[in-house]
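**Student:** Fold the following for me, if possible:
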Amino acid sequence: MTPQLFILIAVLIAMVGAALGYYIRMAVSLGKRGSIEIEVKELLLQAKEEAKKITLDAENKAVEVMQQTRAEAKEREEKLKKAEERLMKKEDSIDEREQSVVSEIESIKQKISEIKEIREKTESIQA
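**Tutor:** Residues are numbered from 1 along each chain as shown. Have a look, this model is predicted:
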């Protein structure tokens, strides 16, 4: 075997080795890339699930707060209605008292008028 043939075979083996190494590196790289893509997809899926959970929790909390607010508003409305009814009863009572007082005043005025007439008649009889 001549040294030139030996060098040629060594160069060919080196080239085949380099090509084989390149393809193996590409395969490993693609494998890693695939696993990284899978990891990224899993992380994205987890993030979406967590976002969905957070959104659902927020919606449930909002519904709860709305229900509580409506209940409080209804309670305040009922209290207001009761207070309004009490106020109307008091106004009616005051109106009745006023009417009663006006009626008594008219009755007293009439009695005073009758007393004056009787006094005048009595004075005219005495005179």
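
**Student:** so where's the chain uncertain?
**Tutor:** For the chain, the stretches with pLDDT under 70 are 1, 30-34, 127.

**Student:** which stretches of it form helices?
**Tutor:** With DSSP state H applied, the chain shows helices at 3-126, listed in chain order.

**Student:** And for residue 105, the neighbour number?
**Tutor:** 10 (other CB atoms under 10 Å). C-beta: built from backbone N, CA, C; applies to glycine.

**Student:** swap in residue 63?
**Tutor:** 10.

**Student:** residues in contact with it?
**Tutor:** For residue 63, no contacting residues are found, by CB atoms under 8 Å, 6 or more residues apart in numbering.

**Student:** Look up how far residue 111 lies from it.
**Tutor:** Here residue 63 is placed at a distance of 71 Å from residue 111 (CB to CB, to the nearest Å).

**Student:** go on, residue 45?
**Tutor:** From residue 45 over to residue 111 the distance is 98 Å, taken as CB to CB.

**Student:** Same check on residue 26?
**Tutor:** Residue 26 is 125 Å from residue 111, by CB to CB.

**Student:** try residue 24
**Tutor:** Taken as CB to CB, the span from residue 24 to residue 111 is 129 Å.

**Student:** Residue 54 too?
**Tutor:** Taken as CB to CB, the span from residue 54 to residue 111 is 84 Å.
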